[in-house]
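> what follows is a protein structure lacking sequence information:
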């Protein structure tokens, strides 16, 4: 799997050109502290897989992953937000998606997945701080919540992001 990541996002050319030289880090040493992640806003398996099948796929293919599953318990508000974007969505469809995601997260288990509710996460910084701890970061604490989609698509230029001077991820 790491070879796939090197293909998608290889180490800088200067690192690759020097890995054979004595005293220079190997590619493994160069990347040993790198944490890779991605975000998706949809799990498209809802129409073809059960929550257990989707979870089993991730467990088999990405066994060391940590997955944050985000739902929005205020379904009416979420449906309205999607309609404003021009997406077709009804209350029943959103309820099905949230049920799928809840079951999906449960099948992954607490070691691999955390289910968070956007309605709680956007009001309580401790939700994000507990995620930092679960992900393995040490002495890291958000003081404020960044609202990247403030008033729909406006960038939050007021919030200062700081997780603390002692924050680190252990090797």
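Thanks, I have the structure now. All figures in this text were calculated on a predicted structure; none of them were measured in a lab. Numbering: from 1, shown residues only.
> for residue 140, give me its contacts.
The neighbourhood of residue 140, defined by Cβ atoms under 8 Å, 6 or more residues apart in numbering, consists of 129, 132, 133, 163, 164, 167, 168. The C-beta positions use only the backbone N, C-alpha and C, and glycine is treated the same way.
> let's see it at 10 Å
Residue 140 is in contact with 128, 129, 131, 132, 133, 162, 163, 164, 166, 167, 168, 169, counting by Cβ atoms under 10 Å, 6 or more residues apart in numbering.
> for this protein, what spans make up the strands?
67-71, 113-117 (DSSP state E).
> show me the contact partners of the first one.
It stands for strand 67-71. Contacts for strand 67-71 (Cβ under 10 Å, 6+ apart): 37, 39, 41, 43, 55, 58-59, 78, 94, 97-102, 104-106, 108, 112-119, 121, 131, 134-135.
> strand partners (parallel or antiparallel) of it?
Sheet pairing here is set by DSSP bridges, and for strand 67-71 it gives strand 113-117 (parallel).
> related to what we said a few turns ago, mean neighbour count, mean pLDDT and distance to residue 140 added to the strands of the chain, as JSON lines?
Below are the strands of the chain laid out as JSON lines (neighbours: other Cβ atoms under 10 Å; pLDDT from 0 to 100; distance: least, Cβ to Cβ, whole Å):
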{"stretch": "strand 67-71", "mean neighbour count": "16", "mean pLDDT": "91", "distance to residue 140": "15"}
{"stretch": "strand 113-117", "mean neighbour count": "17", "mean pLDDT": "94", "distance to residue 140": "16"}
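> what's next to stretch 90-109, contact-wise?
With Cβ under 10 Å, 6+ apart as the test, stretch 90-109 has contacts from 42-43, 45-47, 49-56, 58-59, 65-73, 75-80, 82-83, 89, 112-117.
> revised request: answer the last question for stretch 142-149.
Stretch 142-149 is touched from outside by 81, 121-129, 131-132, 154-156, 158-164, 167, with contacts defined as Cβ under 10 Å, 6+ apart.
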